[in-house]
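Colleague: I need the structure of the sequence given here:
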Amino acid sequence: MSARSTRLSSLSASFPAHNEEDNVGPMLADLLAALPDFAERFEIIVVDDGSRDRTFERASEVAKQDPRVRVVRHEVNQGYGAAVWTGLTSGTLDYAFFTDGDRQFDVRQIGELIPYVDDYDVVVGYRVNRQDNAVRKLNAHAWNWLIRLLLHVPVRDVDCAFKLFRRSALQGVRIESGGAMFSSELLARLVARGSRVVEVPVKHLPRETGRSSGGNLRVIARAFRDLFQLYGDLRKEGVR
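Modeller: Have a look, this model is predicted:
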């Protein structure tokens, strides 16, 4: 068996942050401590998605002290997917990684994804022992089944916020969804372009502070609207 990569040439790591003033400083500290072990060069991009607390100020304080950290600000809240996409497309280095800013993943698990970049364009985490309530787990199971059925995305946990991409795979991709459908659309379009995708298990940790908006009924309704819009678009494009 040939040797597998354990370090990347260069990496842009990003995460969205909406009202995460208690998490953004520790999250940046986690990444700054971990990434030197996994990339020759790296940058960290925080996307403040219209926060109304001190998220932007706290992230900016770190950026002033460390040139490897950049803060991109959405003046008004544009939604989770839009914030993630801003982070991914703001990077310039060979590989792009994103996770969430709520510290529900040990960022050192990126070391579990890196060995697969030799053979795949996209390395997708899937949550082991997911730390959500039973209703959210059931909803996620049904959602993932629907995404596999309609969009032919070959993953079991499409919304897991722990993904690593070759920069070249993202170039030229057009994303319409700025909400909860973002990951489904991104993976569907990458698969349609012939990108090679693999899943890797990652541990999921309980949220210690802050609050998720993923269960919001408006967010869910928008996701279903965007799903059927994307399904129709892909059929028109001859992909589905």
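
Colleague: how about stretch 185-199: buried residues?
Modeller: Judged by neighbour count (16 or more other CB atoms under 10 Å), stretch 185-199 contains these buried residues: Glu185, Leu186, Leu187, Ala188, Arg189, Leu190, Val191, Ala192, Ser195, Val197, Glu199. To be clear about C-beta, it is placed using only N, CA and C from the backbone, and glycine gets the same treatment.

Colleague: helices or strands next to the helix or strand harbouring the fifth one in the packing?
Modeller: With elements delineated by DSSP states H and E, Arg189 resides in helix 182-192, which encompasses its position. The helices and strands touching helix 182-192, judged by 3 or more CB pairs under 8 Å, 6 or more residues apart in numbering; DSSP states H and E, are helix 80-90, strand 122-128, helix 134-151, strand 197-203, helix 217-236.

Colleague: average pLDDT across the second one?
Modeller: In other words, strand 122-128. Across strand 122-128, the average pLDDT comes to 94.

Colleague: Check the longest one too.
Modeller: Averaging the model's pLDDT scores along helix 217-236 yields 74.

Colleague: Can you give me the separation between the nearest residue to Ala140 once chain neighbours are set aside and Arg225?
Modeller: With sequence-adjacent residues excluded and distances taken as CB to CB, 6 or more residues apart in numbering, Ala140 is closest to Asp159, at 7.0 Å. From Asp159 over to Arg225 the distance is 17 Å, taken as CB to CB, to the nearest Å.

Colleague: which residues are contacting the lowest-mean-pLDDT helix or strand in the chain?
Modeller: Counting by mean pLDDT, DSSP states H and E, the chain has its least confident helix or strand at helix 217-236, which shows a mean of 74. The list of residues contacting helix 217-236 from outside it, by CB atoms under 8 Å, 6 or more residues apart in numbering, reads 80, 139, 143, 146-147, 150-151, 176-177, 179-181, 184-185, 188, 192, 213, 240.

Colleague: Low-confidence stretches in the protein?
Modeller: Screening the chain residue by residue with the criterion pLDDT under 70, one finds the ranges 1-3, 131-133, 135, 137, 207-217, 219, 238-240.

Colleague: was I right about Asp94 contacting Ser10?
Modeller: Yes. With contact defined as CB atoms under 8 Å, Asp94 and Ser10 form a contacting pair (4.6 Å).

Colleague: Flag every buried residue along stretch 61-78.
Modeller: Within stretch 61-78, the residues that qualify as buried are Val62, Ala63, Arg68, Val69, Arg70, Val71, Val72, His74, Asn77, Gln78, counting by 16+ other CB under 10 Å.

Colleague: Looking at those residues, which is nearest Asp102?
Modeller: Proximity of those to Asp102, judged by CB to CB, is greatest for Asn77, which lies at 16.1 Å.

Colleague: Excluding chain neighbours, what is closest to the closest one?
Modeller: The spatial neighbour of Asn77 that comes closest, neighbours along the chain excluded (CB to CB, 6+ apart), is Gly50 at 3.4 Å.

Colleague: From Ala17, how far out is that neighbour?
Modeller: With distances defined as CB to CB, the gap from Gly50 to Ala17 amounts to 10 Å.

Colleague: More neighbours: those two, which one.
Modeller: Neighbour comparison, Gly50 and Ala17: the larger count goes to Ala17, with 27 against 17 (by other CB atoms under 10 Å).

Colleague: May I have the residues that are in contact with that one?
Modeller: Applying CB under 8 Å, 6+ apart as the definition, the contact partners of Ala17 turn out to be Asn23, Val24, Met27, Val46, Val47, Asp48, Asp49, Ser51, Thr55, Ala59, Ala83, Gly101.

Colleague: Quick check: phi and psi on it?
Modeller: Summarising the backbone geometry of Ala17 under the convention degrees, to the nearest 10, its torsions are phi -140, psi 120.

Colleague: Specify the beta-bridge partners of it.
Modeller: The bridge-partner assignment for Ala17, based on DSSP bridges, gives Asp48.
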